[in-house]
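Colleague: no letters, just coordinates:
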């Protein structure tokens, strides 16, 4: 069965610093992977998705993620953090033909001025 | 595309009462999903529909929970005899029936059981 592990429940960076949020997956088949962002009291918004077309995926708001099969990782990065990036971030893997997403436990990103 | 709409946004109820939530998906989306999210956790899958057919239910969905999507459009999630442990954010998402399309989420219904 597919699963996702997000390393670090809280990450704190200074404004302008590099953002790195870690995600490792477990899947018996080539995975479809997603990153979502959630602001307080809101639903989840898609940041980017990996569907095997390219290993480096660019998303919205300057985020990108690199799929590394050898490391079973799909880490999310952004070169320069902005205060508005403070939110909860979720990595997810798609389960087969159902389209159902299995989510990690999330990482809270804090951006300090 | 007006997005996925969920009502109500907040619901406070007393233990033992029944509650019903509604989800209106993006109009052309065949698939509809319900998730539950508790504080500090990722969303947990509850059930999903393809058109009006409920194709999968999680073990998390006890007998007190029932979901319907009668005409393949909007969906309802009912919780009977609510318990304090039911307090959570209930999220609805929809997607087109095309491979592994991303899910589009609504803003959720936050349930508080007192």
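Modeller: Now that the structure is in, tell me what you want to look at. As the structure is a prediction and not an experimental result, all values here were calculated from the model.

Colleague: so which residues on chain B come close to chain A?
Modeller: Listed as neighbours of chain A in chain B under the rule Cβ under 8 Å from any Cβ of the partner chain: B:4, B:6, B:31, B:33, B:40-45, B:48, B:55-56, B:91, B:93, B:95, B:97, B:99-108, B:110. C-beta: built from backbone N, CA, C; applies to glycine.

Colleague: how about the strands in chain B?
Modeller: Using DSSP state E, the strands of chain B run over residues B:5-7, B:10-13, B:19-24, B:31-37, B:44-50, B:53-57, B:65-68, B:75-79, B:88-95, B:104-105, B:109-113.

Colleague: elements contacting the fifth one?
Modeller: Strand B:44-50 sits against strand A:100-103, strand B:31-37, strand B:53-57, strand B:65-68, with contacts defined as 3 or more Cβ pairs under 8 Å, 6 or more residues apart in numbering or on different chains; DSSP states H and E.

Colleague: okay, these in TSV with distance to residue B:81 and mean pLDDT next?
Modeller: Shown next, in TSV, are those (distance: least, Cβ to Cβ, whole Å; pLDDT from 0 to 100):
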stretch	distance to residue B:81	mean pLDDT
strand A:100-103	27	93
strand B:31-37	17	96
strand B:53-57	18	94
strand B:65-68	11	96
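
Colleague: adding mean neighbour count, write the ones you listed out as JSON lines.
Modeller: Formatted as JSON lines, the helices and strands packed on strand B:44-50 follow (neighbours: other Cβ atoms under 10 Å in any protein chain shown):
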{"stretch": "strand A:100-103", "mean neighbour count": "24"}
{"stretch": "strand B:31-37", "mean neighbour count": "25"}
{"stretch": "strand B:53-57", "mean neighbour count": "13"}
{"stretch": "strand B:65-68", "mean neighbour count": "17"}
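
Colleague: same list, those strands, but as JSON lines with distance to residue A:29 please.
Modeller: Below are these laid out as JSON lines (distance: least, Cβ to Cβ, whole Å):
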{"stretch": "strand A:100-103", "distance to residue A:29": "13"}
{"stretch": "strand B:31-37", "distance to residue A:29": "20"}
{"stretch": "strand B:53-57", "distance to residue A:29": "18"}
{"stretch": "strand B:65-68", "distance to residue A:29": "28"}
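
Colleague: what does chain A put close to chain B?
Modeller: A:9, A:32, A:34, A:36, A:41-46, A:49, A:51, A:90, A:92, A:94, A:98-106.

Colleague: among the residues you listed, which lie within strands?
Modeller: Among the residues of chain A next to chain B, the members falling in strands (DSSP E) are A:34, A:36, A:44-46, A:49, A:90, A:92, A:94, A:100-103.

Colleague: middle-most residue in chain B, spatially?
Modeller: In chain B, the residue lying closest to the centroid (Cα atoms, centre = their mean) is residue B:34, at 3.3 Å.

Colleague: hmm, that one is touching residue B:44, no?
Modeller: No: counting by Cβ atoms under 8 Å, residue B:34 stays clear of residue B:44, with 10.0 Å between them.

Colleague: look up the residues forming beta bridges with the residue nearest to the spatial centre of chain A.
Modeller: Nearest residue to the geometric centre of chain A (Cα atoms, centre = their mean): residue A:35, 3.6 Å. Going by DSSP bridges, residue A:35 is paired in beta bridges with residue A:48, residue A:91.

Colleague: for the residue nearest to residue B:22 when sequence neighbours are not counted, what are its contacts?
Modeller: Nearest residue to residue B:22, sequence neighbours excluded (Cβ to Cβ, 6 or more residues apart in numbering or on different chains): residue B:7, at 5.0 Å. Neighbour list for residue B:7: B:21, B:22, B:24, B:109 [criterion: Cβ atoms under 8 Å, 6 or more residues apart in numbering or on different chains].
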